[in-house]
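J.: Build me a model from this:
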Amino acid sequence: MAGRLILLRHGQTHSNVNRRLDTRPPGAELTANGRAQAREVGLELATYSRLSTVASSVALRAQQTAVLAVRAYEEASGLPENSQRIDVVPGIHEVFAGDLELLSDEKSHLHYFQALRGWLAGDELAATPGGETFVDVVGRFRPVLENLVAENLADGQEGDVLVVSHGAALRTVATHATGVDPDYAFAGYLGNCRFIVLDPVGKEFGQWEILRWADGDLPG
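T.: Have a look, this model is predicted:
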């Protein structure tokens, strides 16, 4: 079977617990619970996937998640420790919250979620004050994904590509990579250490197929 693209959100962070809009790298580290989540998803991936390539956002929480998940994956798969390479890749970090960075009040969260709905819907003006638009995010994210696909999933190559990144960015990019209904993507919350699986092989960006979106039903 041709390989797949697995888009994994990082584990719980101290900023998540405190409801801070933490989007600028390096950002907060994982909590003890977040570390456990990362190990658990690594075990889950060992039953679901055979990884060929792992790429991580530059943010600390993504790198920590990648390391813990991959080590658990290796152990469960009977692979030598540190045999799976992890590449830290620029361009796949979270959507920048701009002036709302590290704020935790309800008004700031409302602004961010309103912007998220706009990003998913393709509104080129949607952004938080001083923050990124969906054009900015897809513009930096898309080439990374397309390069990973071209280098690791083309020509019938087997093994999945794991990308460890961030919730809003992954939902935004997956929406525009697949053309899924923005309302489905907005309702399809991506919890800590949950993942979206796409089949991009032989398809243009915008027509990639959704195989899994977190733990919800696939779009009809």
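J.: Now do the buried residues in stretch 213-220.
T.: When neighbours are counted by 16 or more other C-beta atoms under 10 Å, the buried residues of stretch 213-220 are found to be Trp213. From N, CA and C alone the C-beta is placed, and that goes for glycine too.
J.: and that stretch, how far from the chain's centre?
T.: Centre-to-centre, stretch 213-220 and its host chain are 16 Å apart (C-alpha atoms, centre = their mean, to the nearest Å).
J.: and it, average pLDDT?
T.: Here the mean pLDDT over stretch 213-220 is 89, rounded to a whole number.
J.: What's the end-to-end length of it?
T.: Start to finish, the residues bounding stretch 213-220 are 13 Å apart (C-alpha to C-alpha, to the nearest Å).
J.: And for it, what's in contact with it?
T.: 174, 180-181, 184-185, 188-191, 194-197, 210-212 (C-beta atoms under 8 Å, 6 or more residues apart in numbering).
J.: quick one, strands of this protein?
T.: 5-9, 51-56, 86-88, 160-165, 195-199, 209-213 (DSSP state E).
J.: and the angle for the fifth one with strand 5-9?
T.: Translated: strand 195-199. Here strand 195-199 runs at 160 degrees with respect to strand 5-9, directions being taken by axes from the mean of the first three to the mean of the last three C-alpha atoms, to 10 degrees.
J.: how far off strand 209-213 does strand 195-199 point, in degrees?
T.: Going by the same axes, to 10 degrees, strand 195-199 makes 160 degrees with strand 209-213.
J.: that older thread, any of the contacts of stretch 213-220 buried? List them.
T.: Among the contacts of stretch 213-220, those classed as buried by neighbour count (16+ other C-beta under 10 Å) are Ala174, Val180, Tyr184, Ala185, Gly188, Leu190, Arg194, Phe195, Ile196, Val197, Ile210, Arg212.
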